[in-house]
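1. Sequence and predicted structure, then a few things I'm wondering about:
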Amino acid sequence: MNYGFCENRPFDLIAIGRACIDLNAVEYNRPMEETLTFSKYVGGSPANIVIGASKLGLRTGFIGKISNDQHGRFIEKYMRDLGIDTSNMVFDTAGHKTGLTFTEIKSPSECSILMYRESVADLYLSPSEVSEAYVQKTKVLLVSGTALSKSPSREAVFQAIQFARKNDVKIVFELDYRPYTWESPTETAVYYSLVAELSDIVIGTRDEYDILENTIDGQNERTATYLFRHRPSIAVFKHGVDGSYAYTKDGDVFRVQAYPSKVLKTFGAGDSYASAFLYALVRNEDLETALKYASASASIVVSRHSSSNAMPTIEEIQHIVSVHA
Ligand SMILES: Nc1ncnc2c1ncn2[C@@H]1O[C@H](COP(=O)(O)OP(=O)(O)OP(=O)(O)O)[C@@H](O)[C@H]1O
Ligand SMILES: O=C(O)C[C@@H](O)[C@H](O)C(=O)CO
């Protein structure tokens, strides 16, 4: 399958957005009020996605702003040690801090997150810190929706999108909706629809597409019809444990079920899904295979403690796909 990625680029995937810290409850199956111990991991949806993609063998890079302190240095080193290019991750010079996400695991199906994102460094990335020379080195630019929630990060993302469009870089928009730091759902819908219309591929949960469309009862079919009037050629709709769908501008629809898993917690599913989906696309696998890789990857991460460290290898993914073929 040929998705039109430019060959001869030094990177397969560069993401723009947040690289943060996850603090995952070590004592789980209880409310966070009763949790005393948390394990530290690199987190932030776009960081998790490049970590997953890098583990699968893609050549990756990251554009973002991190705090100039122990947390920022921990994040940068962790990502660099995995082979992710961190040359365009800038350290904040104004004292802004790293975003923190505490996770609560009450039961395998009752999980939630609590984000501390007041004045976080990632939202202070400015357009002048996005380099055209860097963006043009990749096949795919992954844009995280949360990076649109505040200026100047919002303008930095639009700058990256403009550079991507100018240099034939495919834009993948991961809706990644987190209510924290957005002013209102109407504001989110304005920016989500603007960016979706400029992207080549859009990935989100049904709920996130409802945010994009500012509706409460959206239908995949109708959303896909709207998107295909604009730039996107593929729209992916995730429905949690009920599986996922990919619609194409050519009129095809693919559905893949979630793979059975010994679930520990549900967060991290979406990020591992996106990393394996993009891996398959960059390797020119067909869309059905991409959905299978994505679902298999998510089924592995929901059985493990973290979102980033837990990302699987390609052998682990292919094993699950072949066992359920
Ligand atoms: N309980 C589960 N068991 C196995 N696979 C799952 C489970 N939950 C989700 N998945 C897989 O992960 C994919 C993405 O999950 P989901 O639709 O919940 O996305 P998300 O909301 O972006 O995830 P996250 O909770 O990480 O934000 C699903 O399409 C499915 O393949
Ligand atoms: O995206 C975030 O900022 C938090 C994630 O790192 C966290 O692991 C999660 O919620 C994944 O879905």
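-> All right, it came through fine. Ligands and ions are numbered 1, 2, ... in the order given.
2. what does stretch 21-37 rub up against?
-> Applying Cβ atoms under 8 Å, 6 or more residues apart in numbering, the external contacts of stretch 21-37 come out as 38-43, 71, 74-75, 98-107, 114, 264-265, 305-308. C-betas here are computed from N, CA, C, even on glycine.
3. With only the CA atoms kept, save that stretch in PDB.
-> C-alpha atoms of stretch 21-37 as PDB (Å, rounded to 0.1, in the frame of the first residue of the first chain):
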ATOM      1  CA  ILE A  21       5.900  13.000  33.600                       C
ATOM      2  CA  ASP A  22       3.400  10.200  34.500                       C
ATOM      3  CA  LEU A  23       3.200   9.200  38.200                       C
ATOM      4  CA  ASN A  24       1.400   5.800  38.100                       C
ATOM      5  CA  ALA A  25      -0.100   4.400  41.300                       C
ATOM      6  CA  VAL A  26       2.000   1.500  42.500                       C
ATOM      7  CA  GLU A  27      -0.700   0.300  45.000                       C
ATOM      8  CA  TYR A  28      -3.600  -0.100  42.700                       C
ATOM      9  CA  ASN A  29      -7.200  -1.400  42.800                       C
ATOM     10  CA  ARG A  30      -7.900   1.400  45.200                       C
ATOM     11  CA  PRO A  31      -8.700   5.200  45.000                       C
ATOM     12  CA  MET A  32      -5.900   7.600  44.700                       C
ATOM     13  CA  GLU A  33      -6.700   9.000  48.100                       C
ATOM     14  CA  GLU A  34      -5.400   5.700  49.500                       C
ATOM     15  CA  THR A  35      -2.300   5.400  47.200                       C
ATOM     16  CA  LEU A  36       1.000   6.400  48.800                       C
ATOM     17  CA  THR A  37       3.500   5.300  46.200                       C
END
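4. element containing the closest residue to ligand 2 within the stretch 101-250 of the chain, please.
-> Residue of the stretch 101-250 of the chain nearest ligand 2, by Cβ to the nearest ligand atom: Thr101 (4.2 Å). Following DSSP states H and E, the helix or strand that holds Thr101 is strand 100-107.
5. So which other helices or strands are in contact with that strand?
-> On a contact count with 3 or more Cβ pairs under 8 Å, 6 or more residues apart in numbering; DSSP states H and E, strand 100-107 meets strand 20-25, strand 110-116.
6. Now do the buried residues in the helix or strand just after the longest one.
-> Towards the C-terminus, the helix or strand next in line after strand 110-116, according to DSSP H and E, is helix 132-135. Judged by neighbour count (16 or more other Cβ atoms under 10 Å), helix 132-135 contains these buried residues: Tyr134, Val135.
7. Which positions in this protein make contact with ligand 2?
-> The chain comes close to ligand 2 at residues 20, 22, 43-45, 48, 101, 113, 267-268, 270-271, 307, as judged by Cβ under 6 Å from any ligand atom.
8. now the helices for the stretch 201-325 of the chain?
-> Here the stretch 201-325 of the chain has its helices, by DSSP state H, counting those that start in this stretch, at 206-213, 220-228, 269-282, 287-301, 314-323.
9. what's near enough to touch Lys262?
-> Applying Cβ under 8 Å, 6+ apart, we find Lys262 in contact with Ser303.
10. repeat for Ser295
-> Per Cβ under 8 Å, 6+ apart, neighbours of Ser295: Gly243, Ser244, Val256, Gln257, Ala258, Tyr259, Tyr273.
11. Identify the farthest-apart pair in the residues you listed.
-> Greatest spacing in these, by Cβ to Cβ: Gln257 and Tyr273 (13.2 Å).
12. on that earlier part again, please identify which of the helices and strands packed on strand 100-107 is closest to ligand 1.
-> Checked against Cβ to the nearest ligand atom, the stretch from those lying closest is strand 110-116, at 7.6 Å.
13. Quick one: mean pLDDT over that closest one.
-> Mean per-residue pLDDT for strand 110-116: 94.
14. Can you list the strands that it pairs with?
-> strand 100-107 (antiparallel) (DSSP bridges).
15. And the partner strand, what's buried?
-> Buried residues in strand 100-107, counted by 16+ other Cβ under 10 Å: Leu100, Thr101, Phe102, Thr103, Glu104, Ile105, Lys106.
16. pLDDT score for the residue in the stretch 1-150 of the chain that ligand 2 sits nearest to?
-> Using Cβ to the nearest ligand atom, the single residue of the stretch 1-150 of the chain nearest to ligand 2 is Gly43, 2.8 Å away. Note on Gly43: pLDDT of 98.
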